[in-house]
Structures are given as structure tokens and as C-alpha cells.
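Engineer: please find the sequence and the predicted model below.
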Amino acid sequence: MSTALSTMAQAEPAMVAGPAADAECYAPWAADTQFFQYPAKPGPYRVALANGYIANTWRIQMIQTAKAYAAQPEVAAMLKEFKVVSTGEDVAAQISAINNFIDSGYDAIIVNAQNPQAFGPVIKRAKEAGVVLVAFDNILDTKDAINVNVDQVGIGSLQSAWILKHLPEGGKVLEVRGVAGTSVDTDRHNGLHAGLDASGKKFDVVEVVGKWDDGTAQKAAADAFAVQGQFDAIAAQGGDTGIVQAMIDAKHPWVPFAGETENGFRKFCAQYSAAGLVCSSSGTGPAQVAVAVKTAIDLLQGKVIPQSVKLPTSVVEDPNFKDGDNFYADQSDNFFVGNSFPTCGINFNAAEIMGQSKDDQ
């Protein structure tokens, strides 16, 4: 075996017994989740974030949060370089960016995968090169990378439960989906429909694509209202502030709404609750990228981490929307609340995040 190949083989993680080094932060996904440990590597480290889609508030705030986390003094001391690129919806471009990071000798790569099914070859390359690969949000279907996520199917299930609570006999539902091909969109859609189907009641679900973006979702909802007429409930993966605005513009009656965690959406939920906009707001804060960066650094330091990390879901439901607690009337609509993971020591305020740019670096 060549020296290069020997080095690569030594860099592969060992499967070890749990618990994780930081058990409070790194909760294993399931009882049978394996635990990994890489050989410790001296820092500081070169870490890259390879993002795909960027054209919505969540992704922009995620990039800002990643930069804010990397800029914290205790984190910055462990980073020789923190590189960020966003490649849009072009799957090949995202894979090419990851390959470039591998070729450039980065120690770890964080990825929000545009299409998880396409990543097999680049996952293999990262493993062979001894590069730590951490996926979050839209995760990878592999045991050769570390996945950090909330239960996306579970969020869809929460939405179906809210709709069933208010429409126990069935009804007509508008489903506003995310970005096609991503695991988040697929998982939340599957969770929603599994719950509705299991009820045995008749639900007429009209699907539109909102790309988790206020402007896109507002237009998609407006078109649906114009063509389909009135709905009995709405389930949306994001862009919810825009969807409520479309309801206002169309004079659509207020109906139960299961949505994400945008500040603007929660403002509307609090404002119009008594009139009939009864909301469930659940999702995953963009700060999970900070957990992914922390995970990569801990892996490089030789700490034990579960192969699949399960993060808590942020949930607030009517009538529990409270200004200054779980939404902020004086803050921008375009801000995802619940953007902290205290068990991992990650807490951000709006000023820390909004002070960063969304641009590549």
C-alpha cells in the first residue's frame, strides 16, 4: 500500500461505543445509531460550507448564521480558513464545488445537499481523502457522512395533526411545497400525507411549489386561490408570510394554517388568531448550520459523535404566540425565530446574524 493510501485509510473514522463526547448536544437519531471517531488532527482547520439553493430567507439567514458562528472568538481560534459558496439549484455545480474543496485539501466540508441521490461519488472521494463530511438540513443517504438534522418527516406529521385537529372530517387543503428534489421537501410532504391518509377521512390536497420563499409562495398561493377557490386549511413548508399576505389580498377567509417559523408568519398568527387564523408554527432554525460546523470541528479533534445527530424541533401553536418570547413585533418579517440550540451552546440574536452578508467568502 502506498504512503498516500495508508494516510487515507488511517483518516477513516472508527466505529466506537457511545455516548457522544457532548451527549447533551449530540443526541443520536435512534437507538441503533452508530458512533464515529476520527483520528485527532491538530488545528487550526480549513472548513468549507458548500450550499446549494440560496434564493430564500432561510438559506440567506443560514449563511449569515454560519459566518456569525465562525466569527465567534473561540470558534475562530480553531479555524485557519472558513470558506462559503452557494451554487444555486445546479446539482452538478454543488458537487463540483465539493470536489474542488477535497482537491484543495480542506479538512472538513459542510453541505446542505441540493439532491442527496446524486452525491454517491463525491461522498466516496471525501472518505478516501480523509475529509470529514457533515450534511445538515437536506442530508445525505449514506453512512459515510455525518448527518445533522431535525425530524423533517416529523414536521410534516405535526402539520397533519394540526389540520386533523381542526378538520376532523376532512376537507380541502392547500399544500405549499419547498424546493423539488431536496430531502426536506420530500420528507415533510411524506409526513403530511401519511398523517392525513391514516385518518381515513377524505382530504383534497392541492399542491403548489413555493420554494420556501415569500415571493414565490405568495404568487403560488394567489394563483391557487384564483383557480381553486376557497381552502379549508393550509400546510406550508416556508414562505408563510407571503402566503398569509396572499390570503389578505384575495380576501380568503382565515383558516387553520400549519407553517414554518418565520417571524412575519408568527406576527400574523398572533394578530389574526381571534379572527380564525389558528396556526401551528414548527420547523428548523437556520442555526443548525452552526451545529454542523461545531460537529465538524469536534470530529477533527477526535471526539466521539453519532453518525446521525437529531436536533430538537421548534414548535409554537395557537394560542401560545407571545411577542418578545417566540416572535418579535419590532424585528424584520424575514427572520426565522427559534434560531438557537441551547443544548449545543448556540444562541444568536437578530443583530449578530443580520450583521453578516449572504455572499460567498
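Structural biologist: Arrived safely, thanks for sending.
Engineer: how close does Ser281 sit to Glu260?
Structural biologist: As for Ser281, its distance to Glu260 is 7 Å (criterion: CB to CB, to the nearest Å). To be clear about C-beta, it is placed using only N, CA and C from the backbone, and glycine gets the same treatment.
Engineer: shared neighbours of these two, anything?
Structural biologist: Asp240 (CB atoms under 8 Å, 6 or more residues apart in numbering).
Engineer: setting aside sequence neighbours, what's the nearest residue to Asn147?
Structural biologist: Ile139 (4.0 Å; CB to CB, 6 or more residues apart in numbering).
Engineer: three-state assignment of that neighbour?
Structural biologist: coil (DSSP: H, G, I helix; E, B strand; the rest coil).
Engineer: count of neighbours near it?
Structural biologist: Under the neighbour criterion other CB atoms under 10 Å, Ile139 is assigned a count of 24.
Engineer: isn't it up against Ser183?
Structural biologist: Yes. The pair Ile139 / Ser183 is scored as a contact, 5.9 Å apart, by CB atoms under 8 Å.
Engineer: shared neighbours, these two?
Structural biologist: With CB under 8 Å, 6+ apart, Ile139 and Ser183 have common neighbours 113, 116.
Engineer: check contacts around the nearest residue to Asp318 once chain neighbours are set aside.
Structural biologist: The spatially closest residue to Asp318, leaving aside those adjacent along the chain, is Val278, at 4.4 Å (CB to CB, 6+ apart). Val278 sits next to 166, 254, 256-257, 269, 318 when contact means CB under 8 Å, 6+ apart.
Engineer: so what's Val278 scoring on pLDDT?
Structural biologist: With respect to pLDDT, Val278 scores 98.
Engineer: following the helix or strand containing Arg59, which helix or strand comes up?
Structural biologist: Here Arg59 sits within helix 57-71, counting by DSSP states H and E. In the C-terminal direction, the helix or strand that comes right after helix 57-71 (DSSP H and E) is helix 73-76.
Engineer: quick check: angle from the helix or strand just after that next one to helix 57-71?
Structural biologist: Using DSSP H and E, the helix or strand that follows helix 73-76 in sequence is strand 79-86. Strand 79-86 runs at 170 degrees relative to helix 57-71, counting by axes from the mean of the first three to the mean of the last three CA atoms, to 10 degrees.
Engineer: now the helices for the stretch 1-150 of the chain?
Structural biologist: In the stretch 1-150 of the chain, the helices defined using DSSP state H, counting those that start in this stretch lie at 3-11, 57-71, 73-76, 91-103, 120-129.
Engineer: out of the ones you listed, deepest packed?
Structural biologist: Highest mean neighbour count of the helices of the stretch 1-150 of the chain: helix 57-71, a mean of 23 (counted as mean count of other CB atoms under 10 Å).
Engineer: report the rounded mean pLDDT for it.
Structural biologist: Helix 57-71 comes out at a mean pLDDT of 92.
Engineer: helices or strands up against that helix?
Structural biologist: If you count contacts as 3 or more CB pairs under 8 Å, 6 or more residues apart in numbering; DSSP states H and E, helix 57-71 packs onto strand 45-51, strand 79-86, strand 108-112, helix 288-300, helix 350-354.
Engineer: let me have those in a markdown table, extended by mean neighbour count.
Structural biologist: Shown next, in a markdown table, are the helices and strands packed on helix 57-71 (neighbours: other CB atoms under 10 Å):
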| stretch | mean neighbour count |
| --- | --- |
| strand 45-51 | 24 |
| strand 79-86 | 18 |
| strand 108-112 | 26 |
| helix 288-300 | 25 |
| helix 350-354 | 16 |
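Engineer: export the ones you listed to a markdown table and append columns for mean pLDDT and distance to Ala14.
Structural biologist: A markdown table is the format used below for the helices and strands packed on helix 57-71 (pLDDT from 0 to 100; distance: least, CB to CB, whole Å):
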| stretch | mean pLDDT | distance to Ala14 |
| --- | --- | --- |
| strand 45-51 | 97 | 20 |
| strand 79-86 | 97 | 25 |
| strand 108-112 | 97 | 17 |
| helix 288-300 | 97 | 12 |
| helix 350-354 | 68 | 36 |
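Engineer: nearest to Ala118, out of those?
Structural biologist: Set against Ala118 and scored by CB to CB, those come closest in strand 108-112, at 11.7 Å.
Engineer: can you give the distance of the closest one from its chain's centre?
Structural biologist: Chain-centre distance of strand 108-112: 13 Å, with CA atoms, centre = their mean, to the nearest Å.
Engineer: before we move on, what about stretch 241-256?
Structural biologist: Distance, centroid of stretch 241-256 to centroid of chain: 25 Å (CA atoms, centre = their mean).
Engineer: do stretch 336-344 as well
Structural biologist: Averaged over its C-alpha atoms, stretch 336-344 has a centre that lies 12 Å from its chain's centre (CA atoms, centre = their mean).
Engineer: so what's Ala30 closest to, chain neighbours aside?
Structural biologist: Ser308 (7.5 Å).
Engineer: buried members of the contacts of Val278 into ChimeraX, please.
Structural biologist: Remark: buried members of the contacts of Val278, expressed as a ChimeraX selection using 16 or more other CB atoms under 10 Å:
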select :166,254,256,257,269,318
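Engineer: who are the neighbours in contact with Lys113?
Structural biologist: That one is not Lys; residue 113 is Ala. By CB under 8 Å, 6+ apart, Ala113 lies in contact with 52, 94, 119, 135, 138-140, 182-183.
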